[in-house]
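Student: have a look at this prediction, sequence included:
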Amino acid sequence: MVDMLAALQPLVVGAVLIWSARVKLVSRHAAATAGRSALAPLLGQRRALTAYRLLGGVELTLGALLLLPPVRRLEAVAATVLAAGFLAYLGYSRRAAPTSSCGCLSAAPSPVTGRSLARAGLLLVAGALAWTATDGWSAALAGRPVAGGVVLLVELAAVVALSPELDRFWLLPLRRLRARLTHPLRGGAGLPLLATVQQLQLSDAYRRVAPLLRSDVREHWDDGDWRFVGHAARYQGRPMTAVFAVPLADRQPDAVRVAVVDDATGHTMLSLAATAPPAGPRLPVAPA
């Protein structure tokens, strides 16, 4: 089993590298993606795109070598070193440039998160495991096609699950399916969501941020004595989420609070407390 796992790792790592190279080499948004990445503060804005393209070329070359038989140990070593470089770069990005975008598997803006670091760690382990391979991945699949196929599906699913930039392909559709199956308009604490929406729409907090809103209710959840309702918003030209806090026990519109959160960084850009103090924790007021 271990021999089969080792033999399949070049296929997994090679596929991920080629997908990543595609974004850097052929995407029409490559320049913007490079400018949003940590390469800009690290190397300078003028050199960021060049470095981004060069990295894509390295990924494409190494990915192709890993996919084409035979797979040599030197290629596995190179893949491991590259994965270690990814891990170090993402760690630097998260510490020194927390607002930068990963720019790894998609041109869509995506901040570096713990999931991004875990994905780089997974590729590092896969590359190290490939060192011990004695057969090529094609022979391993031919010998045990069912087990090999399951291993590949599990590993590639793990890569997708650890990639925030790919959430729009699987996580958002799952959330929409959940909404259709669970009928969220019924609410979760015996209070219909429609009553909550009516309360917040009559509030001063809603009227003050209404020009920023770009959607109807996207999600909601209950936490203790509060119901939180999220809307898509746009503030200072950036995508945001407006989160309204509505007390379940207090039906007065003036008890509603709101926070506008940056989707890319998770930072609260604007928060408005209730005009009348309800029971519960206070929401601090932060200036724009």
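Tutor: Perfect, thanks for sending it. Everything numeric here is computed off the predicted structure, so don't read it as measured data.

Student: show the contacting residues for the nearest residue to R94 once chain neighbours are set aside.
Tutor: Closest residue to R94 in three dimensions, ignoring its sequence neighbours and counting by C-beta to C-beta, 6 or more residues apart in numbering: V112, at 4.6 Å. Where C-beta positions appear, they are placed from N, C-alpha and C, glycine not excepted. Contacts here follow C-beta atoms under 8 Å, 6 or more residues apart in numbering; on that basis V112 touches A38, L90, S93, R94, P98, S100, S101, C102.

Student: quick one: the fifth one and T265 touch, right?
Tutor: Which is P98. Yes: between P98 and T265 there is a contact under C-beta atoms under 8 Å: 6.7 Å.

Student: now do the shared contacts for the two.
Tutor: The contact sets of P98 and T265 overlap at P111 (C-beta under 8 Å, 6+ apart).

Student: got the CA coordinates for the helix or strand where G85 lies in PDB?
Tutor: For G85, the host element (DSSP states H and E) is helix 73-96. The C-alpha coordinates for helix 73-96 follow below in PDB (Å, rounded to 0.1, in the frame of the first residue of the first chain):
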ATOM      1  CA  ARG A  73      14.100  10.800  -7.700                       C
ATOM      2  CA  LEU A  74      15.700  14.200  -8.700                       C
ATOM      3  CA  GLU A  75      12.300  15.300  -9.900                       C
ATOM      4  CA  ALA A  76      10.700  14.300  -6.600                       C
ATOM      5  CA  VAL A  77      13.400  16.200  -4.700                       C
ATOM      6  CA  ALA A  78      12.800  19.300  -6.800                       C
ATOM      7  CA  ALA A  79       9.100  19.100  -6.100                       C
ATOM      8  CA  THR A  80       9.700  18.800  -2.400                       C
ATOM      9  CA  VAL A  81      12.000  21.800  -2.500                       C
ATOM     10  CA  LEU A  82       9.500  23.800  -4.400                       C
ATOM     11  CA  ALA A  83       6.700  22.900  -2.000                       C
ATOM     12  CA  ALA A  84       9.000  24.000   0.900                       C
ATOM     13  CA  GLY A  85       9.500  27.300  -0.900                       C
ATOM     14  CA  PHE A  86       5.700  27.700  -1.200                       C
ATOM     15  CA  LEU A  87       5.300  27.100   2.500                       C
ATOM     16  CA  ALA A  88       8.000  29.700   3.400                       C
ATOM     17  CA  TYR A  89       6.500  32.200   0.900                       C
ATOM     18  CA  LEU A  90       3.000  31.800   2.300                       C
ATOM     19  CA  GLY A  91       4.200  32.100   5.800                       C
ATOM     20  CA  TYR A  92       6.000  35.400   4.900                       C
ATOM     21  CA  SER A  93       2.900  36.600   3.100                       C
ATOM     22  CA  ARG A  94       0.700  36.000   6.100                       C
ATOM     23  CA  ARG A  95       3.100  37.700   8.500                       C
ATOM     24  CA  ALA A  96       4.500  40.600   6.400                       C
END
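
Student: make 28 the first number, not 1, from now on.
Tutor: Sure, I'll start numbering at 28, so the last one becomes helix 100-123.

Student: touching that helix from outside, list them.
Tutor: With C-beta under 8 Å, 6+ apart as the test, helix 100-123 has contacts from 36-37, 40-41, 44, 64-65, 68-69, 85-86, 89, 92-93, 127, 129, 131, 139-140, 143-144, 147-148, 150-151, 153-155, 157-158, 160.

Student: would you state the helices of this protein in chain order?
Tutor: Taking DSSP state H to define them, one finds helices in the chain at 29-53, 57-63, 66-70, 72-94, 100-123, 141-157, 164-170, 172-188, 194-209, 220-228, 231-236.

Student: number of nearby residues for the nearest residue in space to A134 that is not next to it in sequence?
Tutor: The shortest distance from A134 to any non-neighbouring residue, by C-beta to C-beta, 6+ apart, is to H56 (3.9 Å). Residues near H56, counting by other C-beta atoms under 10 Å, number 14.

Student: ditto for the one 10 residues further on
Tutor: Other residues near L66 number 24, with proximity taken as other C-beta under 10 Å.

Student: repeat that for A61.
Tutor: Counted by other C-beta under 10 Å, the residues lying close to A61 total 25.

Student: now the lowest-mean-pLDDT helix or strand in the chain: buried residues?
Tutor: Between all helices and strands in the chain, the lowest mean by mean pLDDT, DSSP states H and E belongs to helix 194-209, at a mean of 78. Neighbour-count burial for helix 194-209 flags D194 (criterion: 16 or more other C-beta atoms under 10 Å).
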